[in-house]
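J.: From the sequence below, what's the structure:
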Amino acid sequence: MKKENKQISKNISKKEFENLLVSSGLIHIFKGAKGIIWKPYGLAMMNRYMCFLRKLIPKFSIEEYFFPLLVDKRYLDKLNNEIYNFDKGVYKTVDTVLRPSGEISIYPVFKDIIKSVSDLPLKVFQISSSFRYGYKAGIFRTNEVDFFVEGHTAHASREEVEMQVKDNDLLINQVLVYFGLPVIKTERPLWTNKPVAEKSYGYDAILPNGETLLVASNYEQMQVFSKVFNVGFIDKYKQYTNTFQSSFGFSFRPLMILLWQLCDQHGLRLLPSLAPIKVSIIEINPDNDINVASLIDNIKQKLQNLNINFIHDNNSKLSLSKRSSKYELQGVPIRIEIGKKEIDSGFIKLMRRDNFLFEESSLDNFNNVVNKLLNNIEADLRASLQNIFLDFQVYTGSSLDIINILKKNKVAKFSICFNRSCIDGLQASVGLGEVLGTSEQVNNGKCIVCKKNTKYIGWYSRRV
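T.: Alright, predicted model coming up:
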């Protein structure tokens, strides 16, 4: 396998990445509108993602609903007065609001549907939008028109919720596997977050600039919301009991983070499994040679038989370099150029977008070569995501080192007790960024604060 004479640099800033998304035709950013405008190429990826979700989530016995966007204001008042003030940036009329989160439109419906234990469990999800104005905007935070997946389940016992939260975790993990995106999974300290659950789990990805961004949440709500919204049932003893609940959520962020992690100065580098177009065929045929056209037709038929999406570019008005650059920018995994040279040699050159290596193949062996290349591109890019994730984490046993680690745009990892005094103490001593949360580790370590043995590992980062 040979390499085209191209250098690859992956030090792409957030602003450069935003410009790349626009120039590659994924999105349009219009100052007169709030949020991202998805163009056909980007929407093809989003639609594939949503189709995947609509096949995956029902496997967990969670059914799709669609709840109203416009909700009675008194439900927001309940949320604000009894749980947490979500009032910032909410769109309101005198009597109604555009929902800032799903609970105010979903739990009143739960109250209406659930009457007895026979109505449980109730498991629902929706793919929709939430509306909050005034939050940080940009490609990762577009709260005004945020594509959002949220699931809510109601149960008859605490034990059922604990089991459901484990299922939610499996579901979220499968979403992350779909993107090949590794994350830091932690239990959040409840005293540093909104009191919306008895236990809260976060899934944070590490961005190319060293910041972390929450990509999914999983909540063991129990009766926190059901008591406020009076969601309950008559049990087998004819007693009224509030339901026990869980919830989970994620958005389009995994896709955006994946694209940023993998891009280079030439454009996007797409996983073949996510790419709307897997192969670009560039025709070089200024003399309208019938043999060139016949070879291209033969290749197109082979790709169709393999169920591989392709595009045939016969735009002779543009130079070869401009046409090639277009598909490099869009991240099309394989590029094939067909002209008189290929007719004379009897070999077809297949160029990999991820590393610009290319391989020559006879027409007879074409199917094997194109399948092998797509599989190798997929495996290599997924492996690079794991390597990037590990390279950004630095283990330390000293709180003084955390500041230097953060300044180097890395994430600090350490042993720590899962209690308020140690976590708050560490937060106060570092003074920037924050503790993401903790996970149990295989072997005990010494707490970075109190130096006692602990079974927990923690992460410290600058968060978006």
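J.: contacts and neighbour counts: CA atoms only from here.
T.: Noted.
J.: Give me the residue ranges of this structure where confidence is low.
T.: Within the chain, the ranges that satisfy pLDDT under 70 run 1, 5, 33-34, 134-138, 141-146, 192-194.
J.: So what are the structural domains in it, by residue number?
T.: By the assignment in automatic domain parsing, the chain contains the domains 14-262, 279-389, 393-461.
J.: how long is the second one from one end to the other?
T.: Taking Cα to Cα, to the nearest Å as the measure, domain 279-389 stretches 28 Å from start to finish.
J.: Would you check how far apart Lys278 and Leu176 are?
T.: Distance of Lys278 to Leu176, computed by Cα to Cα: 21 Å.
J.: still on that earlier bit, out of the domains of the chain, which is closest to Leu270?
T.: The closest of these to Leu270 is domain 279-389. By Cα to Cα, the value is 5.2 Å.
J.: From the chain's centroid, how far away is the closest one?
T.: On the basis of Cα atoms, centre = their mean, to the nearest Å, domain 279-389 is displaced by 28 Å from the centre of the chain it belongs to.
J.: same thing with stretch 454-464?
T.: The offset between the C-alpha centroid of stretch 454-464 and the centroid of the whole chain comes to 20 Å, using Cα atoms, centre = their mean.
J.: tell me which residues of it are tucked away?
T.: Neighbour-count burial for stretch 454-464 flags Thr454, Lys455, Tyr456, Ile457, Gly458, Trp459, Tyr460, Ser461, Arg462, Arg463 (criterion: 16 or more other Cα atoms under 10 Å).
J.: any chance of these in TSV, plus distance to Glu82 and secondary structure?
T.: Written out in TSV, the entries for these read as follows (distance: Cα to Cα, whole Å; DSSP: H, G, I helix; E, B strand; the rest coil):
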residue	distance to Glu82	secondary structure
Thr454	35	strand
Lys455	35	strand
Tyr456	32	strand
Ile457	33	strand
Gly458	31	strand
Trp459	31	strand
Tyr460	31	strand
Ser461	31	strand
Arg462	30	coil
Arg463	28	strand
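J.: would you turn those into CSV with distance to Lys446?
T.: Rendered in CSV, the data for the buried residues of stretch 454-464 read as follows (distance: Cα to Cα, whole Å):
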residue, distance to Lys446
Thr454, 6
Lys455, 9
Tyr456, 9
Ile457, 10
Gly458, 12
Trp459, 15
Tyr460, 16
Ser461, 20
Arg462, 23
Arg463, 25
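J.: Among the domains of the chain, which comes closest to Lys2?
T.: Proximity to Lys2 (Cα to Cα) singles out domain 279-389 among those, at 5.4 Å.
J.: Count the neighbours of the nearest residue to Arg269 once chain neighbours are set aside for me.
T.: The shortest distance from Arg269 to any residue other than its chain neighbours is 4.4 Å, reached at Gly331 (Cα to Cα, 6 or more residues apart in numbering). When neighbours are defined as other Cα atoms under 10 Å, Gly331 has 29 of them.
J.: could you measure Gly331 against Trp38, distance?
T.: In this structure, Gly331 and Trp38 are separated by 17 Å, where distance is defined by Cα to Cα.
J.: gap between the residue lying closest to Gly210 once chain neighbours are set aside and His312?
T.: Sequence neighbours aside, Asn409 is the residue nearest to Gly210 in space, at 4.3 Å (criterion: Cα to Cα, 6+ apart). As judged by Cα to Cα, Asn409 and His312 stand 42 Å apart.
J.: do Glu337 as well
T.: Taking Cα to Cα as the measure, Glu337 falls 10 Å from His312.
J.: If you count surrounding residues, which of the two has more?
T.: Glu337 (19 against 14).
J.: Remind me which helix or strand the nearest residue to the more buried one once chain neighbours are set aside belongs to.
T.: On the basis of Cα to Cα, 6+ apart, the spatially nearest residue to Glu337 that is not a chain neighbour turns out to be Ile282, at 4.7 Å. Of the helices and strands defined by DSSP states H and E, Ile282 is found in strand 279-283.
J.: what packs against that strand?
T.: Secondary structure elements in contact with strand 279-283, counted by 3 or more Cα pairs under 8 Å, 6 or more residues apart in numbering; DSSP states H and E, are strand 310-313, helix 320-330, strand 334-338.
J.: Identify, by residue count, the longest helix of the protein.
T.: When every helix of the chain is counted residue by residue (DSSP state H), the longest turns out to be helix 366-391.
J.: contacting residues for Ile104?
T.: With contact set as Cα atoms under 8 Å, 6 or more residues apart in numbering, Ile104 has these partners: Val71, Tyr75, Leu76, Leu79.
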